[in-house]
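Asks: coords please:
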Amino acid sequence: MLSMTNLRTVAFHSYKGGTGKTTLISNIAALFAKNGFNVALLDFDLYAPSLGAYYRKKPNLFINDLLSGQAKISEIMHDLTNELDLQGRFLVGFSSPQKEDINELEVKHDSKWQIEAVRRFIAGKQELVDKYKIDYLFLDTSPGMRYWSINTLATADCIFLLLKDSDMDIEGTRKMINDIYDSLCRYGAEYYIILNKVPGSTVAGCTNEETWIAELERIVGAQIIGCIPCYCDIQFSRHEFLFSIRQPDHPFSIRLVKVAETIKAICQAPQRRT
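Replies: Below you'll find the predicted structure:
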């Protein structure tokens, strides 16, 4: 049996919705697979799942079935490698968008069930390694500080917080770092900031972008590893789908390649987690 020692679990999180988290994690995960890594992407935004709509898939089994013990993780994964013509394997697991399934996660079960569900997910990670030789597991999490947000983050080696340049996002992110992330860091997790949907006027108006980023880092209390401007043709696209794969020469794609390279370097550095 292979060990999960070499598996890197990467979570994308945000203080609130609307930061472009699902778009970024989908594109970056696909870039990793394009470069030959075996990648799994799971929709752990269990309260408002959107990966199904993003990939236009309507599966019969969901992550919810894994958590409830009704399916193995191999039964819920969709292999999109050939569909996207990628070098590495690219598997995606979706969460149920049905209201009753979403409510069931917290309303119908006690804490003992929740703990068992977390254990089933951890066992599922081992199955991904054993069966598919997964190198990177990407987790799209629910915004904020709800039960499954925190528990999903606790399973990650590296966490990337999506942040928009607004007072509400900045203050909320700073509070999350103080209330949650510093505690996770004690158990080996590392966290970083990705600025997304930054208005072009903000970037263009900065005489020194590095100084502006350094000031944000001071306020928020975390390192910023990427800054992605807002591109109207993407934000207002009716169905943006893997720009980094479909349109590699687009400025958005070029920015994402740099962010993906930084994430890879962070993940390949010696980990504190034991």
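Asks: longest strand anywhere in the protein?
Replies: strand 190-198 (DSSP state E).
Asks: That one: partners in the sheet, and parallel or antiparallel?
Replies: strand 158-163 (parallel), strand 224-229 (parallel) (DSSP bridges).
Asks: among those, which is the most enclosed?
Replies: Of all the strands paired with strand 190-198, strand 158-163 has the most neighbours on average by mean count of other CB atoms under 10 Å, namely a mean of 25. Any C-beta I mention is one placed from the backbone N, CA and C, and that applies to glycine too.
Asks: tell me the average confidence for that one?
Replies: Average pLDDT, strand 158-163: 96.
Asks: Then stretch 111-118?
Replies: Rounded mean pLDDT across stretch 111-118 is 89.
Asks: ok, residues contacting it?
Replies: 67-69, 109, 147, 151, 155 (CB atoms under 8 Å, 6 or more residues apart in numbering).
Asks: Could I get the full set of helices for the stretch 101-250 of the chain?
Replies: 111-132, 147-154, 167-176, 182-185, 200-204, 209-220, 232-235, 243-246 (DSSP state H, counting those that start in this stretch).
Asks: Nearest to Asp45, out of the ones you listed?
Replies: Nearest to Asp45, of all the helices of the stretch 101-250 of the chain, is helix 147-154, at 8.7 Å by CB to CB.
Asks: Hey, what's the angle from the closest one to helix 111-132? Just curious.
Replies: 40 degrees (axes from the mean of the first three to the mean of the last three CA atoms, to 10 degrees).
Asks: so what secondary structure elements neighbour helix 147-154?
Replies: Judged by 3 or more CB pairs under 8 Å, 6 or more residues apart in numbering; DSSP states H and E, helix 147-154 is in contact with strand 8-14, helix 99-106, helix 111-132, strand 136-141.
Asks: Tabulate the ones you listed (CSV), appending mean neighbour count and distance to Val259.
Replies: As requested, these are exported to CSV (neighbours: other CB atoms under 10 Å; distance: least, CB to CB, whole Å):
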stretch, mean neighbour count, distance to Val259
strand 8-14, 25, 11
helix 99-106, 14, 30
helix 111-132, 15, 24
strand 136-141, 25, 13
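Asks: Next, format these as JSON lines and append distance to Val257.
Replies: Shown next, in JSON lines, are the helices and strands packed on helix 147-154 (distance: least, CB to CB, whole Å):
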{"stretch": "strand 8-14", "distance to Val257": "16"}
{"stretch": "helix 99-106", "distance to Val257": "34"}
{"stretch": "helix 111-132", "distance to Val257": "25"}
{"stretch": "strand 136-141", "distance to Val257": "16"}
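Asks: Nearest to Ala53, out of these?
Replies: Nearest of the helices and strands packed on helix 147-154 (CB to CB): strand 136-141, 12.4 Å.
Asks: so where is this structure shaky, pLDDT-wise?
Replies: Flagging of the chain using pLDDT under 70 yields the residue ranges 1-5, 108, 200-208, 270-274.
Asks: okay if I get the helices of the stretch 101-250 of the chain as TSV plus distance to Phe44?
Replies: Output for those, formatted as TSV (distance: least, CB to CB, whole Å):
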stretch	distance to Phe44
helix 111-132	9
helix 147-154	5
helix 167-176	17
helix 182-185	15
helix 200-204	31
helix 209-220	23
helix 232-235	24
helix 243-246	21
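Asks: Skipping adjacent residues, who's closest to Ile73 in space?
Replies: Distance criterion CB to CB, 6 or more residues apart in numbering; nearest residue to Ile73, sequence neighbours excluded, is Gly124 at 3.4 Å.
Asks: and the one you found, what does it touch?
Replies: Gly124 neighbours (CB under 8 Å, 6+ apart): 66, 72-73.
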